[in-house]
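Student: What follows is a predicted protein model with its sequence.
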Amino acid sequence: MHSSATLAFGNMDDFQAAMGTEGVTSLVVTQRGRFQASLTQVTLHSLRLSAVQEALSRIAFVRVPDDKVLLSFSIDCTVPQIWAGMSTHSQNLVMIGPGQGIHARLTGPCHWANIWLPTKILIQYGQVVSDHGLSVPAGISTWRPSHSTARQLRDLHFLAIRAVHARSSVLMSAEATHGLEQQVLDALVLGLSERPLNDNTANQREEHELMARLEDLLTIRPDGKLGVAELSSALSASAKWLRRCCEARFGMSLLDFLMVRRLQSAHRHLCRAEGTVVRVADIAERYGFRDRGRFAGSYHDFFGELPSATLHHTNRGALAPLVRRGVAGVRIRSRTRSS
Amino acid sequence: MPEEPSSLLNERRATCDAARAVCSVETYSTPEQVEAAHAGAKAEFLPTAARAFSVELVRIRFGSLWTGRFSETGARIRHVHQDPQRVFIKFQTLPGSELFESGTVVPFGSVIRHARGEEFYERTSGPSEWGIMSLPIEDMISAGTALIGKELAAARDPRVVAPPSRDIARLWRLNAAATSLAKDAPQILAMPGAAQGLEQSLIEAMIACLQSSDSRDESWAQQCHRIIMRRFHRVIEDNPDRPIYLSEICAAVGVPERTLRACCQEHLAMGPKQFLTFRRLDMTRRILQSSTPTETTVTEVAARFGFWQFGRFASSYRLIFGESPSATLRRLPT
């Protein structure tokens, strides 16, 4: 089945939901401002190509299914994504292996790309790469293919995305999409025949593992206030190590990160409160803010309005740019074709 | 390039005498025509030069010996599967560009003797002129034994021989004479005595060139590469109407890309990806040639064969084939 879609978002909730298809299990916006993002996806026969445009800094956790491999690279970013605390050169390709999870942080507006491929395809083409076959890199690795290979990959990705935006009929042709997919695979296979720039060390693998478990924990207990000691105990990791990993990945202390998450959960709750009886005080308590005044202050710092104002807008049904779904500027174009 | 009906065969045929020698002079301007003209061999032709291409082929068939001369205006790659009933030799008749068979250069002044039923990639590096001769196997064996006491049909591999300058010069002279006669005075070749005499001289001159023992055996690496290229061609042969891409063919041939690239560089003077791209480009030309604008569009054909950058496709097409893809499409199909 070949399909393509392009969507634009005016709120982070909808964006996070849609980004589930890009493996994103949590998204924490860390910058104040008007939320704007777009996502374009095109599914070929086995590969899926995506392009994402975002305006605000954020920290996302991306999980790759067991049967897939994810390749990610920046198209046009003020500062490229920071993967697991490591900033990567704009020319690099990051590969995330099957079953892996990783924190990806943006520190400014960014236009970036994903290529999803089934692991079995890489194995199938393993012989093409070397006599010994290609050992699918587990974990997270960084690659710098040759200039011409990188250029090919970017060009092909760009052409596919452009075809979606132009609603081009070439996407309807099975032969044409097969041709594009083969050429992307050619470029990938050539790119992967070199050595990666860096691969996981044992230490790094442990850290990735720890962070993945942290995310699991936060998913199970999204609301309550968790302290470092509590987390450290639950994860069987020293507080010092935990803090260090988190600061590298989040660019802020673990406590601050947790606080921003809780703030966003509160915000989300307030936005969805239409038709229900909700008090700001209850929200504050629910999301672990004992001091209402401090909660309101942090909330205002972040969202530019008081929690009561958000609630007011929600109840009034007014159009608030950070809040409402379906605001002007959301374009949804989607074409699907069953093969 | 003027819009002439280049799809029409432009030939001058002179049937001299059915019993003794049949000669023909033909000019071809599309690869399909050249392929169709290959008698005694199955061939595929791919022009690789940035100019419109044309081939003049002069052929003479005597009672036993077949001889001919190719004059080509541009570089190209040819894949040939020779008739196993005959033994073929080839030599350049004009210096300038290089002739490569199975990755081995056949220098100007030398002769290549092909193995029986050989299949190989042959390429030229530019405009070229070269001669070809063949005898049925039994005749080759008996002529070799009689004239130089050597069995000349048994080689498993092709041999490149550098004959003494006197012998190669004689071969060139006779080949040139036969070619001139076929072009300008075919009626002379109609006279049985004249044809027979010329045929005998040509055979003697050919055998004399082959007697030189100055030939190199193929190295083991060359043999391996030839096997790989044979597999490479097999995949292409099995998919005559489909575009083929690099990873697919590497996986089908069963070698790493790096190895295939080395073999292709030798045999084709380009890597497999570039060759496959040329092939795809040529496939678009064949489809555009046999279609009309009501049936399809240039964009559709281009995308079908993997060309998604339509501007770049059109300029590459124009560079290689001398006209725009839409011009090819507009022309009436052949």
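Tutor: Perfect, I can see it now. All values derive from a computational prediction rather than experimental measurement.

Student: what stretches of the stretch 51-200 of chain A score poorly on pLDDT?
Tutor: Applying pLDDT under 70 to the stretch 51-200 of chain A flags residues A:126-127, A:129-137.

Student: any chance you could map the helices in it?
Tutor: For the stretch 51-200 of chain A, helices defined by DSSP state H, counting those that start in this stretch occupy the ranges A:119-124, A:126-129, A:147-165, A:174-191.

Student: between these, which one is nearest to A:L210?
Tutor: The closest of the helices of the stretch 51-200 of chain A to A:L210 is helix A:119-124. By CB to CB, the value is 24.1 Å. C-beta coordinates here come from the backbone N, C-alpha and C atoms, glycine included.

Student: follow-up on the earlier one: is it possible to get CSV of the helices of the stretch 51-200 of chain A that adds distance to B:R113 and mean neighbour count?
Tutor: Output for the helices of the stretch 51-200 of chain A, formatted as CSV (distance: least, CB to CB, whole Å; neighbours: other CB atoms under 10 Å in any protein chain shown):
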stretch, distance to B:R113, mean neighbour count
helix A:119-124, 42, 17
helix A:126-129, 36, 22
helix A:147-165, 40, 18
helix A:174-191, 38, 23
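
Student: for the ones you listed, which one sits closest to B:E119?
Tutor: Going by CB to CB, the one of the helices of the stretch 51-200 of chain A nearest B:E119 is helix A:126-129, 24.1 Å.

Student: For the stretch 151-300 of chain B, list the residues in contact with chain A, please.
Tutor: Taking CB under 8 Å from any CB of the partner chain as the contact definition, the stretch 151-300 of chain B meets chain A at B:243, B:245-248, B:250-251, B:254-258, B:273, B:299-300.

Student: so of these, which ones are in helices?
Tutor: Under the assignment DSSP state H, those contribute B:L246, B:S247, B:E248, B:C250, B:A251, B:E257, B:R258, B:K273, B:T299, B:E300 to helices.

Student: Isn't the third one up against A:E181?
Tutor: Going back to what we said before, that points to B:E248. No: contact between B:E248 and A:E181 fails when scored by CB atoms under 8 Å: they sit 10.8 Å apart.

Student: got the contact list for stretch B:201-212?
Tutor: B:62, B:64-65, B:67, B:89, B:91, B:111, B:113, B:133, B:135, B:143-144, B:147-148, B:150, B:152, B:161-164, B:167-168, B:170-171, B:174-175, B:178 (CB atoms under 8 Å, 6 or more residues apart in numbering or on different chains).

Student: could you dump that stretch to CSV, C-alpha only?
Tutor: This file holds the C-alpha atoms of stretch B:201-212, laid out as CSV (Å, rounded to 0.1, in the frame of the first residue of the first chain):
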residue,chain,number,x,y,z
SER,B,201,44.0,-14.4,-49.0
LEU,B,202,41.9,-13.1,-46.1
ILE,B,203,41.9,-16.5,-44.4
GLU,B,204,45.7,-16.9,-44.9
ALA,B,205,46.3,-13.4,-43.6
MET,B,206,44.1,-14.1,-40.5
ILE,B,207,45.8,-17.4,-39.7
ALA,B,208,49.2,-15.8,-40.1
CYS,B,209,48.3,-13.2,-37.5
LEU,B,210,47.0,-15.8,-35.1
GLN,B,211,50.2,-17.9,-35.3
SER,B,212,52.0,-15.5,-33.0
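
Student: buried stuff in stretch A:93-113?
Tutor: A:93-98, A:100-107, A:109-110, A:112-113 (16 or more other CB atoms under 10 Å in any protein chain shown).

Student: Chain B versus A:W241, what's the distance?
Tutor: As for A:W241, its distance to chain B is 42 Å (criterion: CB to the nearest CB, to the nearest Å).

Student: and the helix or strand where that residue lies, what does it pack onto?
Tutor: Using DSSP states H and E, the element containing A:W241 is helix A:239-250. Applying 3 or more CB pairs under 8 Å, 6 or more residues apart in numbering or on different chains; DSSP states H and E, one finds that helix A:239-250 contacts strand A:101-106, helix A:202-220, helix A:228-235, helix A:254-271.

Student: make it 10 Å
Tutor: Counting contacts by 3 or more CB pairs under 10 Å, 6 or more residues apart in numbering or on different chains; DSSP states H and E, helix A:239-250 is packed against strand A:58-63, strand A:82-83, strand A:101-106, helix A:202-220, helix A:228-235, helix A:254-271.
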